[in-house]
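Trainee: please work out how this folds:
(one chain, ligands or ions: 1)
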Amino acid sequence: MKNATATRADGRDLNQLRGIRFINDIAPNATGSTLIEWGNTRVICGVTIEESVPRWMKDQKVTGGWITAEYSMLPYSTHTRKARDINKGKIDGRSQEIQRLIGRSLRAAVDLEMLGSRTIWIDCDVLQADGGTRTASITGAYVALRRALLRLIKEGKFKEMPLKDSVAAVSAGIVEGRPILDLCYTEDVAAEVDMNMVITGSGTFVEVQGSGEESTFSQGQMDAMIRLGKAGVKELVKLQAAACAE
Ligand code: UDP
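Mentor: Numbers count the residues shown, from 1 in each chain. Below is the predicted model:
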């Protein structure tokens, strides 16, 4: 729906996602991969499935499989070069927070018992950052994961898809007092409130991260952001399904 009062920097309506596309099989040696292009944010999502589980699971006789996620920004993904963590001797706190979020999000989609004793490695590497790298990572990782699992089904390693649901993520925020969907970097910087939502295909929430930046928000504004997020994820679910079917 066109909103005549929209004045976003890139001309988008208040409730409009940036242009999104998936370039699949970008990393042929991964079990499944996609490059998600989300406006000017681009993330390589690679999924590798190993036929084993971590040692502690065997020791503690934990059944089923495991999922682990890693996130990083490539040095040239940002306007000023970002040094690799390895050269700083420790993983960046923000990256750690984001990779845990990616892991939790994908765990909501996977049936770990059905996965069997396998480990899913999800690697999200940001090629270009323009806001929303965590939401792009989660949305792309689901496509890479489903494609990886489809491949294993073809190879006869699974009879049934070990997924309970799909999962996608999007941001919303309050900029100049107005609730908007899917913040790019300049909007993220200007935002009074920033909210990231991880939502399943069936419309239930995995996680909502909302914070006021030198500002507070009302229940009404929160509800408006959630409505935007839910509608955004509905569109993402369709885009993901098309990318998985390719
Ligand atoms: N950003 C950056 N360098 C950093 C961290 C962030 O340039 O070390 C930029 C990047 O464009 C990122 C945006 O700030 O997408 C917003 O970062 P935030 O931590 O909110 O995470 P994101 O929105 O990417 O999930």
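
Trainee: counting by contacts, list what the lowest-mean-pLDDT helix or strand in the chain packs against.
Mentor: One helix or strand of the chain scores below all others by mean pLDDT, DSSP states H and E: helix 55-59, with a mean of 89. Counting contacts by 3 or more Cβ pairs under 8 Å, 6 or more residues apart in numbering; DSSP states H and E, helix 55-59 packs against no other helix or strand. No exception for glycine: its C-beta is placed from N, CA and C like everyone else's.

Trainee: just give me the longest helix of the protein.
Mentor: Longest helix of the chain, by residue count under DSSP state H: helix 219-245.

Trainee: now it: buried residues?
Mentor: Burial within helix 219-245, assessed by neighbour count using 16 or more other Cβ atoms under 10 Å, is assigned to 221-222, 224-226, 228-229, 232-233, 235-237, 239-240, 243-244.

Trainee: nearest residue to the residue nearest in space to the middle of the chain other than its sequence neighbours?
Mentor: In the chain, the residue lying closest to the centroid (Cα atoms, centre = their mean) is I138, at 1.5 Å. Here the nearest residue to I138 in space, its sequence neighbours aside, is A169; by Cβ to Cβ, 6 or more residues apart in numbering that works out to 4.0 Å.

Trainee: kindly tell me how buried that neighbour is, as a neighbour count.
Mentor: 28 (other Cβ atoms under 10 Å).

Trainee: that one: which element?
Mentor: When elements are assigned from DSSP states H and E, A169 belongs to strand 167-175.

Trainee: average model confidence for that strand?
Mentor: Averaging the model's pLDDT scores along strand 167-175 yields 98.

Trainee: sheet partners, orientation included, of that strand?
Mentor: Its sheet considered, strand 167-175 pairs with strand 178-181 (antiparallel), strand 193-200 (antiparallel) by DSSP bridges.

Trainee: between it and helix 219-245, how many degrees?
Mentor: 140 degrees (axes from the mean of the first three to the mean of the last three Cα atoms, to 10 degrees).

Trainee: heads up, I number from 51, so please use that
Mentor: Sounds good: first residue 51 from here, last item strand 217-225.

Trainee: buried residues in strand 217-225, which are they?
Mentor: Buried positions in strand 217-225, judged by neighbour count with 16+ other Cβ under 10 Å: V217, A218, A219, V220, S221, A222, G223, I224, V225.
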